[in-house]
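1. sequence first, predicted model second:
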Amino acid sequence: AAGVIQSPRHLIKEKRETATLKCYPIPRHDTVYWYQQGPGQDPQFLISFYEKMQSDKGSIPDRFSAQQFSDYHSELNMSSLELGDSALYFCASSLSGAWDETQYFGPGTRLLVL
Amino acid sequence: AQRVTQPEKLLSVFKGAPVELKCNYSYSGSPELFWYVQYSRQRLQLLLRHISRESIKGFTADLNKGETSFHLKKPFAQEEDSAMYYCALKGGSQGNLIFGKGTKLSVKP
């Protein structure tokens, strides 16, 4: 079965640079979530989208923005990168209205800021 | 406040021994709880969800509303069970997950 796809899988950036992370949800899933997992930390919710509209916001810095497109894929844009942004960024998708609305996670993008 | 607590950072058992990973939650309302497993450097994978009351890979978890707990249990641990286990609560207005800090399970031969 198709799973959540994230690209790139690894990314190395310098401080103050920008980065764009992409997420392709499971086909027919209409909800996308972004999570950040720092080294040795639990995943922290950043932001979510439902039907191309932002649905909830967590601990996402103002330097970050995200959107969901008409094909339901989502992009997380990160500007003025800081060393502390180095983390694993997970995307998850779910189908709203399904009996369980379980979130299925992608493999993550590992971002290293030097 | 919505919170998930996993009191053990590390749990080490021998193969064949029973294992219990503890999870307590704080949530006003009817909670939806999940266990996710993360094998070394891999994605988070859904292990169990309380609404389906299933057993996956020999693991079970029962929601105890009186004790606000959702402990994960397995009667006989296997070496391939070694991984990070996260308990998660579905919270927020649109269902984002709130994770516990995770418990690293190490099953020794």
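-> Received, thanks.
2. okay, CA-based contacts and neighbour counts for the rest of this
-> Will do.
3. residues touching B:Leu97, list them.
-> When contacts are counted by Cα atoms under 8 Å, 6 or more residues apart in numbering or on different chains, B:Leu97 touches A:Phe45, B:Ala88, B:Leu89, B:Lys90, B:Gly91.
4. if you set the cut-off to 6 Å instead, what comes out?
-> By Cα atoms under 6 Å, 6 or more residues apart in numbering or on different chains, the contact set of B:Leu97 is B:Ala88, B:Leu89, B:Lys90, B:Gly91.
5. show me where chain A has strands.
-> Using DSSP state E, the strands found in chain A span residues A:5-7, A:10-13, A:19-24, A:31-37, A:44-50, A:53-57, A:64-68, A:74-78, A:87-94, A:104-105, A:109-113.
6. which stretch in the ones you listed is the model least sure about?
-> When the strands of chain A are ranked by mean pLDDT, strand A:53-57 comes last with a mean of 89.
7. for that strand, buried residues please.
-> The neighbour-count check on strand A:53-57 (16 or more other Cα atoms under 10 Å in any protein chain shown) flags A:Gln54, A:Ser55, A:Asp56, A:Lys57 as buried.
8. ok, now which ones touch the nearest residue to the last one once chain neighbours are set aside?
-> In this case it means A:Lys57. Leaving aside its chain neighbours, A:Lys57 sits nearest to A:Ile47 (4.4 Å; criterion: Cα to Cα, 6 or more residues apart in numbering or on different chains). The neighbours of A:Ile47, taking Cα under 6 Å, 6+ apart as the test, are A:Tyr33, A:Trp34, A:Asp56, A:Lys57, A:Gly58.
9. hang on, B:Glu79 packs against B:Tyr39?
-> No: contact criterion Cα atoms under 6 Å: B:Glu79 and B:Tyr39 do not qualify, at 12.0 Å.
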